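**Student:** Sequence and predicted structure are below.
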Amino acid sequence: MAVEYNPYLHEVQDNPYPYYARMRDEAPVYYNDTVGFYALSRYADVLAAHKDPATFISSHGVTIEGDEMGQDFLILKDPPEHEWHRRVVSRVFTPRRVGGLEPFMRAECARLLDPHVGGVGFDAVEEFSTQLPLTVIGELLGIPASLRQDVHHLADRLFTRDENGEGGPDADAARIDLAMLLHGLVVERRADPGDDVISLLIAAEVEDADGDVTRLTDEQLTFRTLELAFAGHETVARLVANGLVALSWFPDARRELVADRSLLPRAVEEMLRWDAPSHYQGRWTTRDVHLHGTTIPAESRVILVTGAANHDDRVYEHPGLFDLHRTVDTTVSFGYGAHFCLGASLARLETRIIFDEFLDRFPDYGIATTGVTRMRSSNVRGLANLPITL
Ligand code: HEM
């Protein structure tokens, strides 16, 4: 029987890897005619599509459902407009600003973890892996501490999808509430600037695609803030939870990492590969694409399945194994090329610090047999709850 892959189904989300293996081997240009999308699952094909943003564009949406199309997100812009919009954000979101946060991150880890030392366990997602990146991105952007939990819960509701790929009225309501909350912050900062990223984005002057010096509008600033606030915490929260699962399934790797922290950067890359938090990148074709004897017509939705590419045994030996000593440790987990993740260095730094601090305190943690739940979004993959035992 031919492989059937529907990423909205909970059964598929619970373990998509067998579907990925069959797609890579039997249907490298897979077509789902019920939902209406093509999927590329081999590493080489995913990478090649990332390298060709003129054929595989983003402005029709980066999810299968494409609900976000038309909104003013950076991730949805195509060249040449994308280039100057990206320049504005990269200019204020600098490695120096990010790197300077290390002492703050360590202090926040201590604040979140120390109360559990000597305890019996806690929810590693809700109480830790979400909170740390949420606080960090909140500090960077200048979102007051009193509003950060609201931002997190609204973002969760906004991106939840059911098994038909629909968010429903609750997602629509959350979108409006979140946009209003962040728009309020933009207006406040315009009147009373600080040294946070929102204030810097308001003040930034750039040359647009026509060579005119311009500034971002309030609507553009609201979307930029929403994008950074969401991407800045939801993905890291999932990567950490997926990593905690990996280290509990592979105790030898855990023991090695506990003993030798110089392995942390490799561990983070392997976590990104082993269970990528951003599981696919959606695109839209501008011309017919001929690949593996199949034609993807122009004007088609295509998803680049990052999670499948990262387990392609044409590239990675024994891809299901969590291996700290891989010879190939490049992945497409942060995308590639024009849209390469703007927060990659922040995400890597946070995850390294999180595991360093966590393993110092809880090297022998276990995972509870009940209470583990998965978040149900279109393209973010990871756990909503991970009760750990101490
Ligand atoms: C483990 C954590 C993260 C993962 C796995 C991840 C993954 C990705 C991926 C795959 C893309 C490319 C999307 C595409 O090609 O359509 C991307 C883009 C982006 N990411 Fe991340 N991300 C993470 C953390 C962050 C953080 C911490 C921030 C911000 C502080 C961030 C901000 C962005 C932005 C703004 C873009 C759009 C860039 C553009 O279109 O030019 N991400 N991310």
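**Tutor:** Happy to help now that I have it.
**Student:** So which residues on the stretch 201-350 of the chain come close to the ligand?
**Tutor:** Residues of the stretch 201-350 of the chain lying close to the ligand (CB under 6 Å from any ligand atom) are 227-228, 231-232, 235-236, 239, 277-278, 281, 333-335, 339, 341-343, 346-347. All C-beta atoms are positioned from the backbone trio N, CA, C, and that covers glycine.
**Student:** For the ligand, what is the nearest residue in the stretch 201-350 of the chain?
**Tutor:** Gly343 (2.0 Å; CB to the nearest ligand atom).
**Student:** Looking at the residues of the stretch 201-350 of the chain next to the ligand, which are in helices?
**Tutor:** Members of those lying in helices (criterion: DSSP state H): 227-228, 231-232, 235-236, 239, 346-347.
**Student:** would you list those in TSV and tack on distance to Arg266?
**Tutor:** As requested, those are exported to TSV (distance: CB to CB, whole Å):
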residue	distance to Arg266
Glu227	29
Leu228	27
Ala231	24
Gly232	24
Thr235	20
Val236	18
Leu239	15
Leu346	19
Ala347	15
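**Student:** how many other residues sit next to the residue lying closest to Arg148 once chain neighbours are set aside?
**Tutor:** Excluding the flanking residues, the one nearest Arg148 by CB to CB, 6 or more residues apart in numbering is Gly138, at 4.5 Å. By other CB atoms under 10 Å, 21 other residues sit near Gly138.
**Student:** Gly138 and the ligand, how far apart?
**Tutor:** 11 Å (CB to the nearest ligand atom, to the nearest Å).
**Student:** Ser146 is in contact with that residue, correct?
**Tutor:** No - the criterion here is CB atoms under 8 Å, and Gly138 misses it with Ser146 at 10.1 Å.
**Student:** average pLDDT for the helix or strand where the residue nearest to Arg148 lies?
**Tutor:** According to DSSP states H and E, Gly138 maps onto helix 131-141. Mean pLDDT, helix 131-141: 96.
**Student:** Output the contacting helices and strands for that helix.
**Tutor:** With contacts taken as 3 or more CB pairs under 8 Å, 6 or more residues apart in numbering; DSSP states H and E, helix 131-141 sits against helix 102-113, helix 145-159, helix 197-203, helix 218-249, helix 344-361.
**Student:** Could you look over the ones you listed and pick the most buried one?
**Tutor:** helix 218-249 (a mean of 22; mean count of other CB atoms under 10 Å).
**Student:** now that one, how far from the centre of its chain.
**Tutor:** Computed by CA atoms, centre = their mean, to the nearest Å, the separation of helix 218-249 from the middle of its chain amounts to 5 Å.
**Student:** pLDDT score assigned to Val328?
**Tutor:** Reported pLDDT for Val328: 87.
**Student:** quick one: contacts for it?
**Tutor:** Val328 makes contacts with 315-316, as judged by CB atoms under 8 Å, 6 or more residues apart in numbering.
**Student:** What is the three-state secondary structure of it?
**Tutor:** Secondary structure assignment for Val328 (DSSP: H, G, I helix; E, B strand; the rest coil): coil.
**Student:** Check Thr331 too.
**Tutor:** Following three-state DSSP, we place Thr331 in the coil state.
**Student:** Listing request: residues of this structure with sub-threshold pLDDT.
**Tutor:** Counting by pLDDT under 70, the chain shows no low-confidence range.
**Student:** show me what contacts the residue nearest to the spatial centre of it?
**Tutor:** Central residue of the chain (CA atoms, centre = their mean): Thr235, 3.7 Å from the mean position. By CB under 8 Å, 6+ apart, Thr235 lies in contact with 277-278, 343, 347, 380.
**Student:** now with 7 Å?
**Tutor:** Residues counted as contacts of Thr235 (CB atoms under 7 Å, 6 or more residues apart in numbering) are 277-278, 347, 380.
**Student:** Report the two of those separated the most.
**Tutor:** By the measure CB to CB, Ala347 and Val380 form the most distant pair in these, at 13.2 Å.
**Student:** Indicate the residue of the stretch 1-150 of the chain located nearest to the ligand.
**Tutor:** For the stretch 1-150 of the chain, CB to the nearest ligand atom, closest residue to the ligand: Ile75, 3.9 Å.
**Student:** Can you verify my assumption that that residue contacts Val62?
**Tutor:** Yes - with contact defined as CB atoms under 7 Å, Ile75 counts as touching Val62 (5.9 Å).
**Student:** Comparing the two, which residue is more hemmed in?
**Tutor:** Neighbour totals were compared for Ile75 and Val62, and Val62 leads with 24 against 20 (other CB under 10 Å).
**Student:** How is that one assigned, secondary-structure-wise?
**Tutor:** Classification of Val62 using three-state DSSP returns coil.
**Student:** From Ser345, how far out is the closest residue to Arg91 other than its chain neighbours?
**Tutor:** Spatial nearest neighbour of Arg91, excluding adjacent residues (CB to CB, 6+ apart): Ala204 at 6.4 Å. Here the criterion is CB to CB, to the nearest Å. By it, Ala204 lies 20 Å from Ser345.
**Student:** now do Ala259
**Tutor:** Separation of Ala259 from Ser345 (CB to CB) stands at 26 Å.
**Student:** got it, and Arg374?
**Tutor:** Separation of Arg374 from Ser345 (CB to CB): 28 Å.
**Student:** With Asp67 instead?
**Tutor:** Asp67 is 29 Å from Ser345, by CB to CB.
**Student:** Check Thr294 too.
**Tutor:** On the measure of CB to CB, Thr294 and Ser345 end up 37 Å apart.
**Student:** Since that was my last question, I'll sign off now.
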